[in-house]
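S.K.: coordinates only, sequence not included:
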Ligand SMILES: NC(=O)c1ccc[n+]([C@@H]2O[C@H](COP(=O)([O-])OP(=O)(O)OC[C@H]3O[C@@H](n4cnc5c(N)ncnc54)[C@H](O)[C@@H]3O)[C@@H](O)[C@H]2O)c1
């Protein structure tokens with residue numbers, strides 16, 4: 001196992017009823033005001049908004065509200081919320097929602113200190129300062145509640161790119177799994193696929209991190225099991241809680257220790273799908289491209305995928321495991337192909353071009369434009 005450095009500074013408050021702790025936690029940190037970042041209003045329907053307001057008011061935390069973050073969040077919204085945060089001189093940013101809201105909150109926390117936050121995405125400028133970030137998670141998928149990443153779409157350039165900074169890890173994230181019972185099953189399944197993809201991006205990178213891979217095997221199997229249970233009963237709180245914790249562990253550093261930083265080709269490719277078609281949910285796009293990537297890569301080197309076939313799917317043969325994986329995603333109602341996602345064949349050249357604007361596609365196995373095209377054809 002290679003040398004590694006690991007630190008995760010986010011504190012998690014997990015469990016039913018934990019949202020009430022929010023206000024006091026900000027108060028303890030001597031924070032008197034915050035910008036609450038939110039999406040389209042699902043938190044008003046499931047009681048999360050009331051719980052957040054009640055907790056902040058009780059602790060006498062002044063808060064301003066920044067609504068309207070859409071799935072696949074945009075730079076325009078980040079800029080608008082940075083202006084609001086600066087005008088109101090808030091001391092912290094609170095994201096209440098799923099990954100889109102939390103990524104926006106993190107980007108705003110750094111954006112208030114930069115002339116042009118997109119420079120941090122394009123690598124022209126470093127994040128040197130950020131307001132403290134707090135989150136109340138309403139959808140388990142991205143792991144954003146416990147990592148230093150954020151992904152934002154620049155609608156002018158059509159680029160959906162990410163940042164990483166140790167400064168934007170949330171100080172505290174509250175995960176109350178009961179608030180996720182209001183999710184349609186499709187969103188739950190998209191989230192499960194996203195969490196599996198985070199693990200798989202690391203999983204095939206190196207076979208010497210045996211302890212990490214054993215954790216990853218267990219996480220992958222548990223995600224499938226819990227999602228199946230939730231398909232039968234969306235109110236299954238035990239499954240909801242375990243799926244939530246798996247998704248957090250899938251991208252908080254633990255699942256990738258000793259795995260060379262992972263590959264991430266599928267994520268970069270999927271980001272281009274959602275940049276071109278904002279209606280494509282991140283997890284669903286990954287559910288199309290990841291099986292295709294495994295098929296493409298395993299034709300060259302099947303041995304690399306044997307552990308996954310055996311330990312996760314109980315199959316000796318990679319193509320049978322891949323079949324089981326695809327069947328499972330289909331049974332959850334996810335798209336099977338780029339065509340199912342609504343992508344047209346004539347858009348493929350534009351997609352390849354967009355994908356290749358990333359500095360690299362794949363870390364462990366670098367993809368050329370021709371290989372990306374072949375992969376997209378396989379996924380079509
Ligand atoms: N920062 C990271 O580490 C990271 C990792 C992976 C993906 N991402 C990014 O995160 C975004 C996706 O986030 P996501 O998958 O969490 O989805 P999301 O935040 O886009 O939310 C999807 C939908 O679910 C709704 N929703 C959320 N919680 C709900 C609830 N409890 N009940 C009913 N509806 C609810 C939202 O309103 C929204 O319409 C993408 O932009 C993706 O690129 C970030």
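M.R.: Noted; the coordinates are in hand. Every value quoted in this text rests on a predicted model; they were computed, and no experiment measured them.
S.K.: count the residues that sit near residue 64.
M.R.: Neighbourhood size, residue 64 [other Cβ atoms under 10 Å]: 15. In short, each C-beta sits where N, CA and C put it, glycine included.
S.K.: distance of it from the ligand?
M.R.: 20 Å (Cβ to the nearest ligand atom, to the nearest Å).
S.K.: likewise residue 146?
M.R.: 9 Å.
S.K.: likewise for residue 80?
M.R.: Counting by Cβ to the nearest ligand atom - residue 80 and the ligand are separated by 17 Å.
S.K.: secondary structure element holding the nearest residue to residue 77 once chain neighbours are set aside?
M.R.: Excluding its sequence neighbours, the residue lying closest to residue 77 (Cβ to Cβ, 6 or more residues apart in numbering) is residue 69, at 5.6 Å. In this structure, residue 69 sits in neither a helix nor a strand according to DSSP states H and E.
S.K.: pull the contacting residues for residue 146.
M.R.: Residue 146 is in contact with 8, 10, 12, 169-170, 173, 248, 251-252, counting by Cβ atoms under 8 Å, 6 or more residues apart in numbering.
S.K.: residues making contact with stretch 272-287?
M.R.: Surrounding stretch 272-287, the residues in contact under the criterion Cβ under 8 Å, 6+ apart are 70-72, 99, 141-142, 153, 158-160, 187, 189-194, 197, 266-267, 270-271, 289, 329, 334-335, 338, 341-343, 347, 350-351, 354-355.
S.K.: the same query, at a cut-off of 6 Å, please.
M.R.: 72, 141, 153, 158, 160, 190-191, 193-194, 197, 270, 329, 334-335, 341-342, 351, 354-355 (Cβ atoms under 6 Å, 6 or more residues apart in numbering).
S.K.: restrict those residues to those near the ligand?
M.R.: Among those, the residues that sit close to the ligand (Cβ under 6 Å from any ligand atom) are 72, 141, 191, 194.
S.K.: counting neighbours, what do you get for the first one?
M.R.: Meaning residue 72. 24.
S.K.: next: residue 349.
M.R.: With other Cβ under 10 Å as criterion, residue 349 counts 12.
S.K.: avg pLDDT for stretch 224-239?
M.R.: Here stretch 224-239 scores 98 as its mean pLDDT.
S.K.: is the helix or strand where residue 136 lies in proximity to the ligand?
M.R.: In the assignment (DSSP H and E), residue 136 maps to strand 133-137. No. Strand 133-137 does not reach the ligand (Cβ under 6 Å from any ligand atom); its nearest approach is 8.4 Å.
S.K.: those residues of the chain touching the ligand, which are they?
M.R.: With Cβ under 6 Å from any ligand atom as the criterion, the chain comes near the ligand at residues 39-40, 42, 46, 71-73, 97-101, 103, 138-139, 141-144, 147, 149-151, 179-180, 182-183, 187, 191, 194, 251, 282-283.
S.K.: can you select the buried ones among those residues for me in ChimeraX?
M.R.: A single ChimeraX command selects the buried members of the residues of the chain next to the ligand (16 or more other Cβ atoms under 10 Å):
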select :39,42,46,71,72,73,97,98,99,100,101,103,138,139,141,142,143,144,147,149,150,151,179,180,182,183,187,191,194,251,282,283
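S.K.: what mean pLDDT does the strand holding residue 136 have?
M.R.: So the average pLDDT for strand 133-137 ends up being 98.
S.K.: tell me the mean pLDDT over the helix or strand following that strand?
M.R.: Downstream of strand 133-137, the first helix or strand assigned by DSSP H and E is strand 149-154. Average pLDDT, strand 149-154: 98.
S.K.: find the nearest non-adjacent residue to residue 98, please.
M.R.: Nearest one to residue 98, counting by Cβ to Cβ, 6+ apart, is residue 139 at 3.3 Å.
S.K.: er, residue 234 actually
M.R.: According to Cβ to Cβ, 6+ apart, the nearest residue to residue 234 is residue 181 (5.9 Å).
S.K.: and for residue 203?
M.R.: residue 216 (5.4 Å).
S.K.: quick check, that neighbour in contact with residue 255.
M.R.: Yes. With contact defined as Cβ atoms under 6 Å, residue 216 reaches residue 255; the gap is 5.4 Å.
S.K.: ok, the two, which is more surrounded?
M.R.: Neighbours of residue 216 and residue 255, each counted by other Cβ under 10 Å, are more numerous for residue 216; the result is 28 against 25.
S.K.: what does the helix or strand harbouring that one rub up against?
M.R.: Per DSSP H and E, residue 216 falls inside helix 210-232. With contact meaning Cβ under 6 Å, 6+ apart, helix 210-232 is reached by 185, 188, 192, 195-196, 199, 203, 236, 239, 242-243, 246, 249, 255, 257-258, 311-312.
S.K.: report the buried members of the residues you listed.
M.R.: For those, buried by 16+ other Cβ under 10 Å: 188, 192, 195-196, 199, 203, 236, 239, 242-243, 246, 249, 255, 257-258, 311-312.
S.K.: and these, which of them are in helices?
M.R.: Taking DSSP state H as the definition of helices, those contribute 188, 192, 195-196, 199, 203, 239, 242-243, 246, 249, 311-312.
S.K.: among these, which two are most distant?
M.R.: Using Cβ to Cβ, the two most remote members of those are 188 and 311, lying 24.0 Å apart.
S.K.: is it possible to get CSV of the contacts of residue 146 that adds pLDDT?
M.R.: Output for these, formatted as CSV (pLDDT from 0 to 100):
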residue, pLDDT
8, 98
10, 98
12, 98
169, 98
170, 98
173, 98
248, 98
251, 98
252, 98
